[in-house]
Structures are given as C-alpha cells and as structure tokens.
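A.B. asks: quick one, structure for this:
(one chain, ligands or ions: 2)
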Amino acid sequence: MLTVEDALATILNHVVTGAATVTPLAESRHHVLADDLTTPHDSPPFDKSMMDGFAVASGEFDTAGKQTLKVMETITAGTIPTALIGPQAASRIMTGAIVPQGANCVVPIERVEFDEAASHHVTITDEVVNPEANILRQGVLAKTGQPLMKSGTLLAPQHVAVLAEFGVAQVPTVQQPTVAVLATGDELLSVDQPLMPGRIRNSNEPMLVSQVQRANAKAVPLGVARDNREDLRSHITEGLRSDFLLLSGGVSAGTLDLVPSELKAAGVAEIFHGVQMKPGKPLWFGRLKATEHTCWVFGLPGNPVSSMVCFELFVRTALRKFAGSNSPMPQSRPARLTESITVKGPRPIYFPCKLSAADAEMQATPVAWGGSADLRSTADANGMCLLLPRANAYAPGDTVAAIDWSAM
Ligand code: AMP
Ligand code: MG
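C.D. replies: Numbering: from 1, shown residues only. Ligands and ions are numbered 1, 2, ... in the order given. Sure thing, here's the model as predicted:
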C-alpha cells in the first residue's frame with residue numbers, strides 16, 4: 001500500500017495542467033492566470049494632479065513669497081488643458097486631471113485665497129511652493145514593458161482591478177476543470193427525504209460539491225448510483241465526460257463495492273488502490289485516457305470524514321496541479337497542540353482540528369472526533385493535523401503539521 005507521500009507524488013505525475021483559455025475580466029476572479037503579463041502602458045498614463053488646487057510653475061516663487069496669479073482655465077479630470085503656464089499664470093485643476101505644460105506643482109485649494117466671484121485671479125499664500133508637489137508623473141507607478149503579473153496567479157479582486165487599469169478585457173486563464181461528483185449506495189436518501197429504516201441521507205454529494213466549489217473548480221453533481229452494475233455503469237459513463245470524476249463509496253471490500261471493477265470495465269486504468277493513512281485507506285485513483293480527452297478518477301471512501309479528508313489531501317492537490325499552481329502539494333504549517341492526544345494503530349492519522357492563530361504561531365485543538373463516520377464533529381473543525389504513529393501520547397505544546405482547509 002502506498003504512503004501518503006507516494007500517493008501525492010503519483011497523482012502529481014499523472015495529472016497535467018489544463019489548457020489555456022480566455023475569460024472575460026468580469027468573470028475572472030478565482031481563475032488562474034495562464035501567462036506572464038507585461039505592463040502595456042505607463043501608469044499613470046499622463047502627469048496627473050493629486051489634489052484639487054492650482055497648477056503653477058514653482059520657479060515663480062523662488063524670490064517672491066505670496067503672489068497673485070492670473071487663472072488661465074479650469075482643468076477637470078478627463079479634459080485636456082489648453083493653456084501654457086507661463087509667468088504670473090496658474091490654472092485651476094482637479095484631482096486626476098492632466099497637469100498643464102509649464103506647471104510643475106499643484107498648490108492645494110486650502111493654501112490659496114480664491115473667490116469664486118473673482119475667479120480670474122488667485123493669490124498663493126504658501127511660503128514655499130515645492131517643485132513636483134502633488135504631481136504624479138507619467139510612468140512612476142509602472143512603466144510600459146515592465147513585468148505586471150505572473151502566470152499562476154490566482155486572481156483576487158486586487159488583480160481584477162489591476163487588469164482593468166491596464167485594459168486586459170479578455171484574461172488569459174487556465175481552464176477551470178469540470179469535476180463530476182457521483183455518490184453510490186442503495187442506502188442513500190436525498191436531503192429532502194424523511195429517514196427510513198436502514199437508510200441515511202446522502203451527505204457526501206453536497207459536501208464534495210461544495211469542496212469542489214471552494215477549490216475554484218466547476219462541480220457537476222450526478223446524484224446517486226445504486227449498488228448495481230447497470231446503474232453504476234451509466235452514471236460512470238456520464239461522469240467520465242468531465243475532467244475529473246469523484247465517486248464516493250463502493251471502493252472497500254463489501255459484497256456491493258463494485259466501483260473499482262466498473263471503472264476498469266469503463267476503460268479507466270487503475271493507478272493505485274489503497275493508501276496507508278487514517279481515515280481514507282480505501283482510496284482509489286485512476287485515469288481514462290482517450291484521444292481527445294483525459295479524465296482523472298478518484299474513488300473516495302464512503303465514510304464521510306474519509307471522503308472529506310481524501311478530497312482535501314489528494315483531490316485538492318490534483319486540482320492545484322490542473323490549475324497550473326507552482327506549489328500544488330498540500331501546504332502544511334507547524335501548529336502547537338493545545339491538548340494531549342493518543343494515537344492508536346500503525347497508520348498516520350489526519351485528525352480534524354480547530355486551527356487558530358496564537359501570537360506568532362498556530363494552535364491546533366483536536367475536535368471530539370469519533371472516527372471516519374463522525375461527520376458532525378467536523379463542523380467544529382477548520383483543518384486537520386497529521387498525527388504520526390508513536391508509542392507515547394502527544395502532549396500539549398507538541399508541534400504537529402497542520403493543513404488549513406480554507407487555504408488555497
Ligand atoms: P461504502 O464505502 O460504500 O461501504 O460506504 C462506507 C460507509 O459510508 C457506509 O456506512 C455508507 O452508508 C456511508 N456512505 C457512503 N456513501 C455515503 C454518502 N454519499 N453520504 C453519507 N454516507 C455515505
Ligand atoms: Mg456503499
């Protein structure tokens with residue numbers, strides 16, 4: 001059976017980065033940039049006033065202090081100045097407007113004597129009028145041709161804004177994968193059905209769909225396949241049209257655990273079955289490789305927490321690789337345990353935890369977790385920590401590796 005490390009490395013070896021596409025800027029948040037972009041024009045694109053006030057030539061003030069100047073015009077944002085600022089001249093100017101030729105300073109409106117009724121003159125009361133004050137020169141923020149944004153950037157609102165500033169209306173992005181989600185089991189009821197003897201509700205489908213969405217991929221829910229070959233086969237055929245197919249349940253050793261054999265019958269080659277870990281040991285991974293299309297398939301264990309953990313550890317890694325991430329492996333950080341905890345058995349355990357920031361470091365508080373079927377307790381967790389097999393219990397203050405589920 002593979003170790004977690006080997007399983008992750010195997011997944012990274014098989015999954016390839018998605019094709020590049022273009023996404024309209026308005027829909028680009030949560031997409032990954034597919035190209036390195038360079039700055040297409042200077043920012044700001046012209047010499048720009050940073051204040052409402054008067055544009056003047058600072059040289060005028062070298063000798064005389066207070067001066068009354070002739071007002072040539074008013075320059076508002078978005079208009080083009082027409083008058084040159086020569087001796088004894090000023091132009092009224094608004095924030096964001098082009099600084100007129102001949103001016104090298106904007107004196108804020110608060111520092112002048114100005115009467116709207118006599119708007120042809122302004123008296124500058126400032127003692128010192130510094131060259132370049134309140135002017136943002138063309139290109140000081142970014143110069144044409146400089147690097148703007150790196151391929152692999154996950155686009156957040158600030159990136160969307162920068163792309164808008166530089167006129168990138170169609171953004172080169174990595175295609176978001178489609179991820180089909182198929183729950184299996186004769187016992188499963190939908191969320192709106194009352195309980196019946198021997199039956200439980202299908203919690204894995206909504207869970208996996210929302211995990212797919214959190215990972216910035218497109219979920220394709222396929223409902224439930226019953227534990228018979230015909231129903232499984234038709235649902236699997238449908239799921240294999242997506243870039244990824246996630247099945248839950250039917251991968252263990254039960255008499256109706258038909259998923260591995262039905263996947264193989266559908267042409268999906270098994271890459272591995274079984275990982276040395278808890279929860280999640282029965283995990284199945286394979287690939288359908290057709291001429292035009294590849295689908296990577298995860299058979300996730302049916303127990304809800306096993307499915308959840310396997311998604312966060314393995315499926316997320318595959319999705320990061322598909323998205324072109326430079327660091328697709330799960331990002332674990334050291335965290336200090338707040339409580340003692342005993343580890344039983346020979347397998348590493350991914351234990352649901354409440355992670356919180358404490359001073360410079362992170363703290364991990366294990367939730368009261370009753371094993372792979374105990375979904376309820378995960379509502380108190382926001383991540384998991386890795387507990388390795390060892391003879392003695394972990395003590396409060398021990399450092400463990402923690403994975404935050406909300407981290408990208
Ligand atoms: P299986 O791997 O199919 O044997 O399922 C293992 C356990 O997980 C069983 O107790 C199932 O009832 C449960 N289970 C399987 N699928 C789901 C699901 N979609 N939602 C909730 N529990 C499930
Ligand atoms: Mg089952």
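
A.B. asks: please enumerate residues in contact with stretch 78-88?
C.D. replies: 55-57, 60, 67, 69-70, 72-73, 75, 89, 91, 96-103 (Cβ atoms under 8 Å, 6 or more residues apart in numbering). Every C-beta, even on glycine, is put in place using the N, C-alpha and C of the backbone.

A.B. asks: how far does it sit from its chain's centre?
C.D. replies: Centroid displacement of stretch 78-88 relative to its chain, using Cα atoms, centre = their mean, to the nearest Å, is 46 Å.

A.B. asks: how about the closest residue to ligand 1 within the chain, what does it touch?
C.D. replies: Residue of the chain nearest ligand 1, by Cβ to the nearest ligand atom: Gly302 (2.3 Å). Gly302 sits next to Thr184, Gly185, Asn204, Ser248, Gly249, Gly250, Val251, Ser252 when contact means Cβ under 8 Å, 6+ apart.

A.B. asks: residues near the nearest residue to the second one once chain neighbours are set aside, how many?
C.D. replies: Among residues not flanking Gly185 along the chain, Gly249 sits closest, at 4.9 Å (Cβ to Cβ, 6 or more residues apart in numbering). Counted with other Cβ atoms under 10 Å, the burial measure for Gly249 works out to 29 neighbours.

A.B. asks: wait, doesn't Gly249 sit right on Glu205?
C.D. replies: No. With contact defined as Cβ atoms under 8 Å, Gly249 does not reach Glu205; the gap is 10.4 Å.

A.B. asks: what do those two both touch?
C.D. replies: In contact with both Gly249 and Glu205: Ala183, using Cβ under 8 Å, 6+ apart.

A.B. asks: returning to that earlier point: and the two most separated of the contacts of Gly302?
C.D. replies: Asn204 and Ser252 (14.1 Å; Cβ to Cβ).

A.B. asks: neighbour-wise, which of the two wins?
C.D. replies: Asn204 (30 against 17).

A.B. asks: helix, strand or coil: sort out Thr291 for me.
C.D. replies: Classification of Thr291 using DSSP: H, G, I helix; E, B strand; the rest coil returns coil.

A.B. asks: tally of neighbours for it?
C.D. replies: Neighbour number of Thr291 under other Cβ under 10 Å is 5.

A.B. asks: per-residue pLDDT, it?
C.D. replies: For Thr291, the pLDDT comes out at 88.

A.B. asks: any idea how far Lys321 is from it?
C.D. replies: Relative to Lys321, Thr291 is positioned 22 Å away (Cβ to Cβ, to the nearest Å).

A.B. asks: now the end-to-end length of stretch 324-339.
C.D. replies: 38 Å (Cα to Cα, to the nearest Å).

A.B. asks: in it, what counts as buried?
C.D. replies: Gly324, Ser325, Pro328, Pro330, Ser332, Arg333, Ala335, Arg336, Leu337, Thr338 (16 or more other Cβ atoms under 10 Å).

A.B. asks: again, but for stretch 97-108
C.D. replies: By neighbour count on 16+ other Cβ under 10 Å, the buried set for stretch 97-108 is Ala97, Ile98, Val99, Pro100, Gly102, Ala103, Asn104, Cys105, Val106, Val107.

A.B. asks: same deal with stretch 118-136?
C.D. replies: Going by neighbour count (16+ other Cβ under 10 Å), the buried part of stretch 118-136 is Val122, Ile124, Asp126, Val129, Ala133, Asn134, Ile135, Leu136.

A.B. asks: sorry, back to before: by pLDDT, give me the weakest of the contacts of Gly302.
C.D. replies: The lowest pLDDT within the contacts of Gly302 belongs to Ser252, with 91.

A.B. asks: which SS class is that one?
C.D. replies: Ser252 - assigned by three-state DSSP - is coil.

A.B. asks: give the burial count for the closest residue to it other than its chain neighbours, as a bare number.
C.D. replies: Leaving aside its chain neighbours, Ser252 sits nearest to Pro282 (4.7 Å; criterion: Cβ to Cβ, 6+ apart). Per other Cβ under 10 Å, the neighbour tally for Pro282 reads 23.

A.B. asks: Pro282 belongs to a helix?
C.D. replies: No. Membership of Pro282 in a helix is not supported by three-state DSSP, which gives coil.

A.B. asks: contacting residues around it?
C.D. replies: Val251, Ser252, Ala253, His273, Gly274, Gly299, Pro301, Ser306.

A.B. asks: next, format these as TSV and append distance to ligand 2.
C.D. replies: Below are these laid out as TSV (distance: Cβ to the ion, whole Å):
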residue	distance to ligand 2
Val251	9
Ser252	8
Ala253	11
His273	16
Gly274	17
Gly299	11
Pro301	10
Ser306	12
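
A.B. asks: list only buried entries from those.
C.D. replies: Val251, Ser252, Gly299, Pro301, Ser306.

A.B. asks: correct me, but Leu189 touches Gly198?
C.D. replies: No. In this structure Leu189 lies outside contact range of Gly198 using Cβ under 8 Å: 10.4 Å.

A.B. asks: these two: who's more crowded?
C.D. replies: Between Leu189 and Gly198, counted using other Cβ under 10 Å, the more crowded position is Leu189 (15 against 7).
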